[in-house]
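Asker: fold the stuff below for me.
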Amino acid sequence: MNKKWTLTLLSGLTLELCARNPFQINNQTVTAGFEEGNDSWTYSRSVDFTKPEGDLKEFLLEKSGWKQHPKHAGIRGYNGEITLKIKAPGPIAILNADATMCNYADSVRRKLVITYSLNGSDFTELASKEFGGGSGQAAGEVKLPVNRGILWLRFGRKIEEKDTNGKHGFVLFQKLSVRLSGTFAQPEKGTEKITGVSRELKNVFPTGVFWAWERTAPNAEYAKMEFWPYVEFTMKTLRDNGYDTCWFVNFPVNEQARVLNLAEKHGLRVLFNTDLLDVFYNGAGSLDCMDRLAERTAVRLGDFPALLGYVLKDEPLLPDLETCNYLYRLMKKFDPSRDSVAVVMNRQSMTFLRESVLPVVCSDIYYFGNEKSTQLPAPRPVSQKEFTNALNSFGTAAELYGKHSWFMGQMFGDVWGRHWRKGDKMIVEPGSYLHWKMPTEAESRWQVWEALRLGSKGILFYVLHPPIPLEVPPAEAKEPRQLKEVEKMDKSAKTAAGWKNQPLTGKQVEIDPGEGMVEPGGKPTKQMLATAPAMKLIRKNEALLVQRKKADFPVFFANDAQTDVSTFISSDRWLGVVVNRDLDHKRTVSVLVPNHVTKVVNLETGKSLTLARENADFRKFPLELEAGGGALFEAEFAKQPGMAFCRESFDQNSIHRLAVNKNAEIFHHGGYGADANRSLRLKGDPGEPVCVLLNLTNPKGAQRTFSVNLNARKKDGTVFCKVNGRLTNAMVKAVSSRVEGESANVMHLQNLAKGEVKKAEKSTVIQDKDFFRPAAVPVGTTALEFYLNDPKDYIEDITVWFIPE
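Answerer: From the prediction side, this is the model:
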């Protein structure tokens, strides 16, 4: 044989062998009992539980299940169900299994059952044996249908609920054996082995729902549907409305596989709690115990394609932070391909963004309180303001710390006191506390678009199903369920009545009946339907939106104060999100872009927009937006997009790119834990600038200038300055050739040693109104002065940039 040909053949054989997946049981690679042929493999293993424990780590047996009689050495075995998740290097052709169970406790008849499944949820009986005292043996063999090489094999028993001996006594598995045979998976020509598909949460943009499982059955009953058909009906409703992720809570372990298979069928993704959740409530026990819980979770769930990731805890507090870090790493150890997440309350979100190892932090922002609520942001203008502060704060921190910020919004209402549903209204009786209000259609829509505008990379809503409402006046309640509901209502009203400053209803009022995203029985509410177009747009542009980051300078601008705009970059593509902040009116707005933008595409319709001249610096296009609605755009440019010169957001108290004067102070604003919002306000003489940008250009040389002297002597393009904040009585002035501008030590980003910069003798006002759009900076400007004349005004940030001709 030709030597070269022989080496090539051996090399190809080696690559083929390396490309084969290992044989695993419960995620443990197993070599003992596994044999390979040219195109096939076999596995054989027999276990005798009456002998001292051998190497059975792949069986994941609980220590509490082992039983040894104190007097009789032969009375030994395992009490408990044994499930083996088998992952073969190719399709499994034949399964053969047998087991022996002995009853040393009594003469009660029980049943030994061996079952198998190819999808983890639908199990088929392989063999069974009913026995009383003594022992029973079951054995069976089956030729399996076409499969992907994953098999769940379960050795179980059927016992009565009150059968203490059967559950915990000397009713024991003593022997079992497994024999399998199959073929190797044939890789497609030209493809390489994929060792594991990454499901990192930073690669996805979920549009999801918080699904409280305990509310499913009552809503199915209300809809007069069987339980599992109702689950599928709900999944289809979600998919049809642009929702792709189910965040399940209070979920029974034995139904997880079934729901994961249904989710895959309907194109949905799933987030599940881990078995480690018990650690937070009942203690860790030991580090070994936590290892077992994490491994058990990963083995049970890890091979289902629909599983997006793991949930560590619902609303962990700061004492839980380091525990969450430990458990995150633990789950990564046993399922390296997936991440874990937690939904964190507003006050704890910033700390989790800064200090946790979680790549994603989901913040629940339920900021729509009823107008007289003293516990929540209200009325609506306050709700909107605090909502924007919070998401802006969390989005900024997420980018700073290399994380993604997800947002869980509000789509429910909550009344503490007597209330009942009458048609499409909720009747609230006197003496009740109106806590959370069900957001309107516009408020629901706005939550999605504002989250997009502020950089959120996952949007979910609480809560999917409502509780089943009382449908008779509380005074007329007669049925046990109704009476129990009224008792709960009265208890909550009594609690609210104890709050000194919280007004209660003085008369009967009617409110929106919404207590969830769907009506009782599963029909989408008008609020859910209002979010569907935006959710579908996210699904269509997931990769683009999950990769986006805030641009160094803006490209899209509002042309009125009720329109909010942000600019992002995603893989060199420039995106704009435009949002109508008016929640009462549908509006036609005008959006501005600089003149070097040659094309704007609406990413919902795919159509290019007609750009008309606005003035010497901008072009515009009209846009019709629903109340609280928004739109997503992409911009293209004639040449380069431009170059950032300076951005100052006053996040630090003493070090800034601008000279901050003594008549100004930096303060924090924004409540409810959103502590990243810092701004500059007036505290002294309004006749002096609160801050000055020095060394924008320098006629003596480009060293230490922000602009590297672009536009210093001639018009190379246009320099823009955009000031954001509350600016009812503010002003920006441009200055040429000032001494301070030549000498400021901006190389080290320090303020002047003397602490202030007096106003220039000669300057030009370039902006004193309409701060929703930027001001053009004259050629030759060396410095910019910023003035505030109202103590209530403040500057959030200042951006200066350049675009080419």
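
Asker: what helices and strands are in contact with the helix or strand that contains R329?
Answerer: Secondary structure from DSSP states H and E places R329 in helix 321-334. In terms of contacts (3 or more Cβ pairs under 8 Å, 6 or more residues apart in numbering; DSSP states H and E), helix 321-334 is packed against helix 277-282, helix 287-301, strand 307-314, strand 340-345, helix 346-355. Quick note: C-beta positions are derived from backbone N, CA and C, even for glycine.

Asker: buried sites along it?
Answerer: L321, T323, C324, N325, Y326, L327, Y328, L330, M331, K332, F334 (16 or more other Cβ atoms under 10 Å).

Asker: between the residues you listed, which sits nearest K403?
Answerer: Within these, the smallest distance to K403 is 12.3 Å, found for Y328 (Cβ to Cβ).

Asker: to what extent is F412 buried, counted in neighbours?
Answerer: F412 has 25 neighbours, counted by other Cβ atoms under 10 Å.

Asker: try D584
Answerer: Neighbours around D584, by other Cβ under 10 Å: 10.

Asker: circling back to that earlier point, C-alpha coordinates for the helix holding R329, PDB please?
Answerer: This file holds the C-alpha atoms of helix 321-334, laid out as PDB (Å, rounded to 0.1, in the frame of the first residue of the first chain):
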ATOM      1  CA  LEU A 321     -26.000  38.600  45.800                       C
ATOM      2  CA  GLU A 322     -22.900  36.500  46.500                       C
ATOM      3  CA  THR A 323     -25.000  33.400  46.800                       C
ATOM      4  CA  CYS A 324     -26.300  34.200  43.300                       C
ATOM      5  CA  ASN A 325     -22.700  34.500  42.100                       C
ATOM      6  CA  TYR A 326     -21.800  31.100  43.600                       C
ATOM      7  CA  LEU A 327     -24.900  29.400  42.100                       C
ATOM      8  CA  TYR A 328     -24.300  31.000  38.700                       C
ATOM      9  CA  ARG A 329     -20.800  29.500  38.600                       C
ATOM     10  CA  LEU A 330     -22.200  26.200  39.800                       C
ATOM     11  CA  MET A 331     -24.800  26.000  37.000                       C
ATOM     12  CA  LYS A 332     -22.100  26.900  34.500                       C
ATOM     13  CA  LYS A 333     -20.000  24.000  35.800                       C
ATOM     14  CA  PHE A 334     -22.700  21.500  35.000                       C
END
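
Asker: list of residues touching it?
Answerer: Contact with helix 321-334 is made by 27, 274, 276, 279-280, 290-291, 294-295, 297-299, 302, 310, 312-313, 316, 338-340, 342, 348, 351-352, 355-358, as judged by Cβ atoms under 8 Å, 6 or more residues apart in numbering.

Asker: give me the mean pLDDT for the strand or helix carrying S181.
Answerer: Assigned by DSSP H and E, S181 belongs to strand 171-183. Mean per-residue pLDDT for strand 171-183: 98.

Asker: who are the packing partners of it?
Answerer: The elements that strand 171-183 packs onto, with contact taken as 3+ Cβ pairs under 8 Å, 6+ apart, are strand 40-48, strand 76-78, strand 82-87, strand 92-103, strand 150-158.

Asker: let's see it at 7 Å
Answerer: Helices and strands touching strand 171-183, by 3 or more Cβ pairs under 7 Å, 6 or more residues apart in numbering; DSSP states H and E, are strand 40-48, strand 76-78, strand 92-103, strand 150-158.

Asker: so what are the sheet partners of whichever helix or strand comes after it and their directions?
Answerer: The C-terminal neighbour of strand 171-183 among helices and strands, as given by DSSP H and E, is strand 207-212. Paired neighbours of strand 207-212 in the sheet (DSSP bridges): strand 245-249 (parallel), strand 459-462 (parallel).

Asker: C-terminal to the first one, what's the next element?
Answerer: Under the assignment DSSP H and E, the closest C-terminal helix or strand after strand 245-249 is helix 256-265.

Asker: rounded mean pLDDT for that following helix, please.
Answerer: Averaged across helix 256-265, pLDDT comes to 98.

Asker: which residues of the stretch 601-750 of the chain score low on pLDDT?
Answerer: Along the stretch 601-750 of the chain, segments meeting pLDDT under 70 span 672-676, 738-750.

Asker: let's see 90
Answerer: Residues of the stretch 601-750 of the chain meeting the criterion pLDDT under 90: 651-655, 668-678, 737-750.

Asker: that older thread, list buried residues within the contacts of helix 321-334.
Answerer: Looking at the contacts of helix 321-334 with 16+ other Cβ under 10 Å, the buried ones turn out to be 27, 274, 276, 279-280, 290, 294-295, 297-299, 302, 310, 312-313, 316, 338-340, 342, 348, 351-352, 356, 358.

Asker: from R45, how far out is the closest residue in space to L84 that isn't next to it in sequence?
Answerer: Nearest residue to L84 in three dimensions, chain neighbours excluded: L153, at 4.6 Å (Cβ to Cβ, 6 or more residues apart in numbering). L153 sits 11 Å away from R45, going by Cβ to Cβ, to the nearest Å.

Asker: and if you look at W420?
Answerer: 62 Å.

Asker: who's more crowded, the two?
Answerer: Counted by other Cβ under 10 Å, W420 and R45 do not tie: W420 has more neighbours, with 23 against 18.

Asker: secondary structure class for that one?
Answerer: Of the three states, W420 takes strand under DSSP: H, G, I helix; E, B strand; the rest coil.

Asker: and F233, which of the helices and strands packed on strand 171-183 is closest to it?
Answerer: Between F233 and those, the tightest spacing by Cβ to Cβ is seen for strand 150-158, at 27.1 Å.

Asker: parallel or antiparallel, list what pairs with that closest one.
Answerer: strand 82-87 (antiparallel), strand 110-117 (antiparallel).

Asker: what are the phi and psi values for F556?
Answerer: Note on F556: its backbone torsions stand at phi -100, psi 140 [degrees, to the nearest 10].

Asker: contacts only, for it.
Answerer: F556 makes contact with V565, T567, G576, V578, V591, V593, F633 under the criterion Cβ atoms under 7 Å, 6 or more residues apart in numbering.

Asker: any idea how many residues pack against the residue nearest to E315 when sequence neighbours are not counted?
Answerer: Once flanking residues are discounted, E315 sits nearest to M345: 5.1 Å by Cβ to Cβ, 6+ apart. Residues near M345, counting by other Cβ under 10 Å, number 17.

Asker: hang on, M345 packs against D314?
Answerer: No - between M345 and D314 there is no contact under Cβ atoms under 7 Å: 9.7 Å.

Asker: contacts for the strand holding S181, please.
Answerer: Contacts of strand 171-183 (Cβ under 7 Å, 6+ apart): 39-50, 67, 77-79, 82, 88, 90-103, 105, 110, 153, 155, 165.

Asker: just the C-alphas of it, formatted as CSV.
Answerer: C-alpha atoms of strand 171-183 as CSV (Å, rounded to 0.1, in the frame of the first residue of the first chain):
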residue,chain,number,x,y,z
VAL,A,171,-38.7,-2.0,49.5
LEU,A,172,-35.6,-1.9,47.4
PHE,A,173,-34.0,-2.2,44.0
GLN,A,174,-31.4,-4.9,44.3
LYS,A,175,-30.3,-5.4,40.7
LEU,A,176,-30.6,-3.8,37.3
SER,A,177,-29.0,-4.1,34.0
VAL,A,178,-28.9,-2.1,30.7
ARG,A,179,-27.9,-3.2,27.3
LEU,A,180,-27.9,-0.9,24.3
SER,A,181,-26.7,-1.1,20.7
GLY,A,182,-26.7,1.5,17.9
THR,A,183,-24.8,3.1,15.1
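
Asker: thanks a lot, see you next time.
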